[in-house]
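# Mind looking at a prediction? Sequence and model below.
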Amino acid sequence: MLEKLYHLAENGTDVKTEVIAGITTFMTMAYILAVNPAILSVTGMDGGAIFVATALGAFVGTVLMAMLSNYPFALAPGMGLNAFFAFTVCGQMGYPWQLGLAAVFVEGILFILLSVTPVRESIFNAIPMGLKCGVSAGIGLFIAFIGLQTSKFVVDNPATLVGIYNFKAAIADGSIYSTGMGVLLCVFGVFLISILMAKKVKGAILIGILGTYVVTIILQMVGLYVPNPSAGMYSAYPNFSNFGIPSLAPTFMQFDFTQLFSFNFVTIMLTFMFVDLFDTLGTLIGVASKADMLDEQGKLPRIQGALLADSIATVAGAVLGTTTVTTYVESSAGVIEGGRTGLTAVVTAILFLVSLVFAPIFLAIPGFCTAPALIVVGFMMASGLLRVNFDDITEALPAYIAAIAMPFFYSISEGISMGVITYTVMNLLGGMRVNGVMLILTALFVLKYIFI
């Protein structure tokens, strides 16, 4: 039955591979179950309800991805957009969270309309193959940077913006047993995954995550790892004190449409839509490129189903009470493990549903235990630059700009916009033909920087 549903043999995979890939994807994404409620609750939203909405939104979106496209991509409320919602819309602008959810809902409806037309697919297909390879590599650098930050290996530095963790200071003030140990465990995890992959062990990334977690528990038991919540270093022991599923009622269908036609509402909605559109396209380009799912023309078969799943998931997430649900770049971890079909997505979705009951276990895995997976996957995705023709500067420079912009600007959509603008300007000045969609995208990106 699974063969008939997901065409496993046709895609060069099997049930075991897909299950391992699905679990791996979930493990690298599970942090959103803790982070999303923490961010959105500053708006006054109920934290328990946000947790349920996050898990259900991820479940619905990921199942839709499997059903409508048979791709191994997982969805969840997007990072960045949730921060914009909480700290800009509800913080700086002072709007109630109900109005913010209404903007996300309207954005999702518009995306559904765009997804059933050729618009979003045309945008995807219009991006040149070289630039797509640059986007794929940029996403790799971006998620590796996220992993380094999550583990505290990369920290803020007043002089250089970012810097390496200071082990000497940590030994002096005793934090070596909390944040310092988290950094060392991340390093351990990177080597563990790398060695397993070198030996071609199936499920290397998942084994690396779980192996690092087991070592963390042991170190906490003997006192070498000391949790420090104020520094983001939490206990590795599951907390069953709040076992149970919170009520969804405080956020379910809580919309405020009173300012639907105001300029600010439209601006907020367009910002959500713009970032969501190009984050999704960037993720699909990057992950699909790494999985060799793009055809010779650089097109993604069945992309319309993937885009429709993403759009419907955003509407469902807003109804449940969370911000834009989008395709997750962490899906690349499952792809690296061999996931090639919707069965990978279904496994990930089921684990999000199960997390409603077993959240204490899933949430107990510290970020520095999953960070090694992001770092290693980032390394593998960076190989996309090898497919760029560096003898042609009009292809290579835009790909390079897209790649470095993503980690530097901490945004997939910014990387795409910078790459597209660079490509269009260089080719026009060089007297070469640029297709109409790329010209329109360039104009929109320039207008975005001027007005949004």
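Sure, I can see it.

# So which residues of the protein form strands?
For the chain, strands defined by DSSP state E occupy the ranges 75-77, 154-157, 161-164, 325-327.

# hey, which of those strands is tucked in deepest?
Highest mean neighbour count of the strands of the chain: strand 75-77, a mean of 32 (counted as mean count of other Cβ atoms under 10 Å). C-beta: built from backbone N, CA, C; applies to glycine.

# Can you tell me the strand partners of that one and which way each runs?
In the sheet, strand 75-77 lines up against strand 325-327 (antiparallel) (DSSP bridges).

# show me what contacts residue 320?
52, 53, 56, 57, 248, 251, 252 (Cβ atoms under 8 Å, 6 or more residues apart in numbering).

# Can you give me the distance of it to residue 181?
Distance of residue 320 to residue 181, given as Cβ to Cβ, to the nearest Å: 37 Å.

# Need the single longest helix in this protein, by residues.
The longest helix of the chain (DSSP state H) is helix 263-290.

# Surely residue 170 is in contact with residue 181?
No: using Cβ atoms under 8 Å as the test, residue 170 is too far from residue 181 to be in contact (9.2 Å).

# Settle it for me: which of these two has more neighbours?
Neighbour totals were compared for residue 170 and residue 181, and residue 181 leads with 23 against 18 (other Cβ atoms under 10 Å).

# hang on, the earlier thing: now the strands of the chain as CSV including mean pLDDT and distance to residue 286?
Converted to CSV, the strands of the chain look like this (pLDDT from 0 to 100; distance: least, Cβ to Cβ, whole Å):
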stretch, mean pLDDT, distance to residue 286
strand 75-77, 95, 15
strand 154-157, 91, 21
strand 161-164, 92, 23
strand 325-327, 93, 10
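
# Can you pull the poorly scored residue ranges out of the chain?
Counting by pLDDT under 70, the chain shows low-confidence ranges at 242-243, 452.

# How many residues are close by residue 448?
Neighbours of residue 448 under the rule other Cβ under 10 Å: 17.

# Not counting residues beside it along the chain, what's closest to it?
Nearest residue to residue 448, sequence neighbours excluded (Cβ to Cβ, 6 or more residues apart in numbering): residue 274, at 6.3 Å.

# From residue 80, how far out is the one you found?
Residue 274 sits 12 Å away from residue 80, going by Cβ to Cβ.

# same check, this time on residue 41
The gap separating residue 41 from residue 80 is 17 Å, by Cβ to Cβ.

# Helices of the stretch 101-250 of the chain, residue ranges please.
Applying DSSP state H, counting those that start in this stretch to the stretch 101-250 of the chain gives helices spanning 119-126, 129-150, 167-173, 179-198, 204-222.

# And those: which comes nearest residue 232?
Across those, residue 232 has its closest neighbour in helix 179-198 (7.6 Å, Cβ to Cβ).

# residues making contact with the closest one?
147, 151-153, 165, 167, 170-171, 204-205, 207-209, 211-212, 215-216, 219, 224-226, 228, 231-233, 366-369, 371-373, 375-376.

# Repeat that for stretch 236-254.
By Cβ under 8 Å, 6+ apart, the surrounding residues in contact with stretch 236-254 are 45-53, 56, 97-98, 101, 213, 216-217, 220, 225, 227, 319-322, 356-357, 360-361, 363-366.

# buried subset of the residues you listed?
45-46, 48-53, 56, 97-98, 101, 213, 216-217, 220, 225, 227, 319-322, 356, 363-366 (16 or more other Cβ atoms under 10 Å).

# Now a ChimeraX select for only the buried ones of the contacts of helix 179-198.
Buried residues among the contacts of helix 179-198 (16+ other Cβ under 10 Å), as a ChimeraX selection:
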select :147,151,152,153,165,170,204,205,207,208,209,211,212,215,216,219,225,226,228,233,366,367,368,369,371,372,373,375,376
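
# Might you report the residue contacts of residue 297?
For residue 297, the contact set (Cβ under 8 Å, 6+ apart) comprises 125, 129.

# I meant to write residue 281 there.
Going by Cβ under 8 Å, 6+ apart, residue 281 touches 120, 123, 124, 127, 416.

# What of residue 325?
Taking Cβ under 8 Å, 6+ apart, one finds 57-58, 60-61, 75-78, 310, 313-314, 316-317 in contact with residue 325.

# Rebuild those residues as a markdown table, extending it with distance to residue 279.
Listed next are these as a markdown table, based on distance: Cβ to Cβ, whole Å:
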| residue | distance to residue 279 |
| --- | --- |
| 57 | 16 |
| 58 | 16 |
| 60 | 18 |
| 61 | 14 |
| 75 | 11 |
| 76 | 12 |
| 77 | 12 |
| 78 | 6 |
| 310 | 10 |
| 313 | 13 |
| 314 | 11 |
| 316 | 18 |
| 317 | 14 |
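
# of those, closest to residue 333?
Taking Cβ to Cβ as the measure, residue 333 sits nearest to residue 76 out of these, at 13.4 Å.

# So in terms of bridging, what pairs with that closest one?
Residue 76 forms beta bridges with residue 326, as assigned by DSSP bridges.

# So for stretch 257-269, what gets flagged as buried?
Going by neighbour count (16+ other Cβ under 10 Å), the buried part of stretch 257-269 is 259, 265, 268, 269.

# what's the neighbour count on the closest residue to residue 16 other than its chain neighbours?
Residue nearest to residue 16 in three dimensions, not counting chain neighbours: residue 202, with 7.8 Å by Cβ to Cβ, 6+ apart. Residue 202: 12 surrounding residues under other Cβ under 10 Å.

# Residue 17 is in contact with residue 202, correct?
Yes: with contact defined as Cβ under 8 Å, residue 202 reaches residue 17; the gap is 7.3 Å.

# who touches both of those two?
Taking Cβ under 8 Å, 6+ apart as the criterion, residue 202 and residue 17 both touch residue 338.

# Neighbour-wise, which one of the contacts of residue 281 leads?
Using other Cβ under 10 Å as the neighbour test, these are led by residue 416, with 28 neighbours.

# how near is it to residue 275?
For residue 416 relative to residue 275 (Cβ to Cβ), the value is 11 Å.

# Quote the end-to-end distance of stretch 189-209.
Distance between the two ends of stretch 189-209: 7 Å, counting by Cα to Cα, to the nearest Å.

# residue contacts, residue 397?
Taking Cβ under 8 Å, 6+ apart, one finds 422, 426 in contact with residue 397.

# ah, wrong one, I meant residue 284
Going by Cβ under 8 Å, 6+ apart, residue 284 touches 73, 124, 300, 303, 306, 307, 327.

# Helices - which of those land there?
Per DSSP H, the contacts of residue 284 map to helices at 124, 303, 306, 307.

# Tell me how many other residues crowd the second one.
Under the neighbour criterion other Cβ under 10 Å, residue 303 is assigned a count of 21.

# Same check on the third one?
Each residue near residue 306 was counted by other Cβ under 10 Å, and the total is 28.
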